[in-house]
Each structure stands twice: as C-alpha cells, then as structure tokens.
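Student: For reference, the sequence and a predicted model appear below.
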Amino acid sequence: MKSLFMQSWLLLTHRSFLMLLLIINVLGTIYGYIWYGSQLSRTEPQFLLFVPDSPTASLFFSIAIIAWIFGKNFKLIEALALITLVKYGIWAVVMNLLTLAEIGSIGAAGWMLVFSHGLMAVQGILYMGKYRFKIIHIAIAAIWTLHNDVIDYVFGQMPTYSVLSQYANQIGYFTFWLSILCIVIAYIAYTINNDKSRI
C-alpha cells in the first residue's frame, strides 16, 4: 500500500504531469472568466476582482503549479489556491445539485460544472503534500476568503443562480461556514507538512 501511494505521488508530482495539469487549469481558468462575462459586464469596477470566484481559484493553482515545475514555492499563492479550490469546488457542486433538486434538471452544462468543480476540490486536496505555506499565509488567505464572502453576500456580488435567489441568506450562511472549513483544512495541511519537516 505504501509503495502504491509513493508511485501515485511520484506520478502526481512528475514534471510532465504537472505540465498537463497546468494546461488543464489554464484552459479552465480562461473558460471560467468567459463564463462570468455577462455578470462581469454589469459589475461595478470595485467588485470586479471578487466576482469570478472559481476561475480565480484555478488561476491561483496554475501559478502554484508553475512554481512547482521550477522547484519553487509561492507560499501565499498556495494557501489561496488550497482554500479557494476546495471552497468554490464544493460550493459549485452543491449549488448545481440544489438547482437540480429545485427544477429537476441542470442539463449537460450543469453536469459539466459539477464534474469540473468537483475535480477542483479534489486536486486542491491531492496536492496537500506540496504546500509550504506558513500561518501568516493562511491568515492572509483567510482574510481574502472571508472578505470575498462579504462582497458576495452583503454587497450582492455572488455568482448568479437565479433559481436559487430565494435562498440567498441560507446560501450565504452555508458559504461562510464552508470558508471556515477550508481555512481549517489549510491549517491541517500546514500542521502535517510542518511535522514532516521536523523528521
């Protein structure tokens, strides 16, 4: 079992696999920003940075991958990537499944979003062994994440799911605690990797 784990880890961290993963994430990032196009076109300038949540998460991860390929660690970017990948990956899956429950269908595009965002969360967790961020980086990433929640649910800049608009308060509450969970996950990653460095 240990040998299988090591082989899997060697594959995940191999330069060629990281290059493939980078290409996938860059393409997903570009598609994500295009998907947000209509919402961004009517967004006030001061909120633009905080509206396209998922593509910004995959952008963070893409930058982290580039650093890994060159044997570097962009620690703050890694903390932002882990927290936002898991958060918005899970969030989008839940929102699409709630839409399915509400109207009975989400179509091929909806299932594509479920699949792709589920993989976002998975890849964030899979690479926990690569992160080298410290508490200060988690703290900054936590401020970014919780500030984004305020922008979304106090200033009304959340992603548009019109069929779920009647549940905005409940979704905001869920999103806040999802953010806390993801910050805790980042702290767990820090603890595990810090313990490894002492061995």
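Tutor: Sure, I can see it.

Student: which residues touch residue 126?
Tutor: By CB atoms under 8 Å, 6 or more residues apart in numbering, residue 126 lies in contact with residue 12. Any C-beta I mention is one placed from the backbone N, CA and C, and that applies to glycine too.

Student: Which neighbouring elements make contact with the strand or helix carrying residue 176?
Tutor: If you go by DSSP states H and E, residue 176 is part of helix 168-197. Where contact means 3 or more CB pairs under 8 Å, 6 or more residues apart in numbering; DSSP states H and E, helix 168-197 is packed against helix 75-103, helix 135-153.

Student: quick one, which of those is nearest to residue 161?
Tutor: For these, the distance to residue 161 is smallest for helix 75-103, at 5.5 Å, taking CB to CB.

Student: give the contact list for the closest residue to residue 192 other than its chain neighbours.
Tutor: Computed as CB to CB, 6 or more residues apart in numbering, the closest residue to residue 192 that is not its neighbour in sequence is residue 128, at 6.9 Å. Applying CB under 8 Å, 6+ apart to residue 128 gives the contacts 82, 189, 192-193.

Student: quick one on the thing from earlier: need the winner for burial among the helices and strands packed on helix 168-197.
Tutor: Counting by mean count of other CB atoms under 10 Å, helix 75-103 has the highest mean neighbour count of the helices and strands packed on helix 168-197, with a mean of 22.

Student: What are the buried residues along the helix or strand immediately after that one in the chain?
Tutor: Once the chain leaves helix 75-103, the next helix or strand it forms, by DSSP H and E, is helix 107-126. The neighbour-count check on helix 107-126 (16 or more other CB atoms under 10 Å) flags 110, 113-114, 116-117, 119-121, 123-124 as buried.

Student: re earlier: got the buried residues for the helix holding residue 176?
Tutor: Along helix 168-197, these residues count as buried under the neighbour rule (16+ other CB under 10 Å): 171, 174-176, 178-179, 182-183, 185-186, 189-190, 193.

Student: that older thread, for the buried residues of helix 107-126, which one is nearest residue 164?
Tutor: Nearest member of those to residue 164, counting by CB to CB, is residue 110, at 12.5 Å.

Student: What's the separation between the residue nearest to that closest one when sequence neighbours are not counted and residue 141?
Tutor: Excluding its sequence neighbours, the residue lying closest to residue 110 (CB to CB, 6+ apart) is residue 96, at 5.1 Å. Distance from residue 96 to residue 141, counting by CB to CB, to the nearest Å: 25 Å.

Student: same deal with residue 67?
Tutor: 16 Å.

Student: cool, and residue 112?
Tutor: The value you get for residue 112 to residue 141, if CB to CB is used, is 28 Å.
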